[in-house]
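Student: model this:
(one chain, ligands or ions: 2)
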Amino acid sequence: ALESMKGMLNKALKEGYAVGQFNINNLEWTQAILAAAQEEQSPVILGVSEGAARYMGGFKVVTAIVKSLIEEMKVTVPVAIHLDHGSSVDKCKQAIDAGFTSVMIDASHDPFEENVRITSEVVAYAHERGVSVEAELGTVGGQEDDVVADGVIYADPKECKELVERTGIDCLAPALGSVHGPYKGEPKLGFKEMEEICQTIQLPLVLHGGTGIPTEQIKKSVSLGTAKINVNTENQIAFTKAARAALAADAEVYDPRKFITPGREAIKATVIGKIREFGSSNKA
Ligand code: G3H
Ligand code: ZN
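Tutor: Ligands and ions are numbered 1, 2, ... in the order given. Prediction:
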C-alpha cells in the first residue's frame, strides 16, 4: 500500500534497520523493485529524480505506473513514492499534487537561512497533505542527473539541530562523506558526526550515495541512526551489465524484451541483496 515515509522510517529507527530507497527510471525498474520488496516482505521507497520523472513523461505518469503496478502485482508491503533531490518548492508541490507520498527538498547548496526558509515552505504544504519531507545539509559528492557537486562538505551538527527545530522535517540527510556514483577508493563516512547528529535531532537519518559502501560501513551507519539508504547507480550497473551480456550473446536479437528482461531480473536480485543487507526483510 502507498504511504508516506514517516511511519516506515520511525519504525526502522526504533527497531534498528534501514529502508532502501531505490531509484526508478521506467516500468521495468518499478516492476523489479516492487517484486523484490514484496518477496522480501520489506517496506520500500521508490526514489524519483527530477531527471527520471522527465524521462518517464512527468510526475503523473510516475504515480500512475506505480499505483497500477501495486494493484496488478498485489503488492501489500508499504511503498512510498519519493521525489529525490527536489530542486525547488514548486517541484515539490507538483510532485505532491501528482500523488507522490514523500518529497526531498534539496536546498543544501543554498545558504543556511535560505535552506530553512525553502524547507519550511515545503513542510507546510506537504504535512497538510500527509506527505513526508526529507531535507539535506552539507554536500554529497559526485553527480546524479542534475545534481552535481564539486566537492564533499560535511554537515554541521549544530545546523542540523537548528534546521530540524525550525522546519519540522521528518528525516534528514546530513552529507557525511558519501558520494553519488562509484567511489574512488574506500568511502570515509563521518561516523562521529552521524552519531552526534542522530542523538541530538532524534530523527531518522538518510544516507545518500549507497552504491559501493562496504557492508561494515552500512551496518555501522544503521547502528548509529541511519534509517534510509539511497541506492541508484548499483541497479543501473546491474541492469546494463545483464542487458549487454544478452545482446553480446545473440547478435541477431532485435526484440527488446529479450535483453530488457535479464536486466530487470538483475535489478530484482540486486534489490533483494540490499534489502537483506539493510535488515528490512520481514519488516513490512
Ligand atoms: O539520491 C540517490 C542516491 O543518493 C543514490 O546514490 O547512485 O551512488 O547509489 P548512488
Ligand atoms: Zn542522493
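Student: Residue 18 is in contact with residue 222, isn't it?
Tutor: Yes - assessed by CB atoms under 8 Å, residue 18 is found in contact with residue 222 at 4.9 Å. Placement of C-beta: from N, CA and C, glycine included.
Student: which residues are common contacts for the two?
Tutor: Overlap of the contact sets of residue 18 and residue 222 (by CB atoms under 8 Å, 6 or more residues apart in numbering) consists of 229, 278, 279.
Student: In three-state terms, label the residue lying closest to the last one once chain neighbours are set aside for me.
Tutor: Nearest-residue entry for residue 279: residue 17, 3.4 Å, with adjacent residues in sequence omitted and distances by CB to CB, 6 or more residues apart in numbering. What DSSP: H, G, I helix; E, B strand; the rest coil gives for residue 17 is coil.
Student: Return the distance of residue 17 relative to residue 87.
Tutor: 30 Å (CB to CB, to the nearest Å).
Student: And residue 171, by the same measure?
Tutor: 19 Å.
Student: of the two, who's got more company?
Tutor: residue 171 (25 against 17; other CB atoms under 10 Å).
Student: wait, what's in contact with the nearest residue to the more buried one once chain neighbours are set aside?
Tutor: Leaving aside its sequence neighbours, residue 171 sits nearest to residue 204 (CB to CB, 6+ apart; 4.4 Å). Listed by CB under 8 Å, 6+ apart, the contact set of residue 204 reads 9, 10, 12, 13, 170, 171, 172, 225, 226, 227, 228.
Student: With distance to ligand 1 added, can I get those in JSON lines?
Tutor: Listed next are these as JSON lines, based on distance: CB to the nearest ligand atom, whole Å:
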{"residue": "9", "distance to ligand 1": "15"}
{"residue": "10", "distance to ligand 1": "21"}
{"residue": "12", "distance to ligand 1": "17"}
{"residue": "13", "distance to ligand 1": "19"}
{"residue": "170", "distance to ligand 1": "16"}
{"residue": "171", "distance to ligand 1": "13"}
{"residue": "172", "distance to ligand 1": "14"}
{"residue": "225", "distance to ligand 1": "17"}
{"residue": "226", "distance to ligand 1": "12"}
{"residue": "227", "distance to ligand 1": "15"}
{"residue": "228", "distance to ligand 1": "10"}
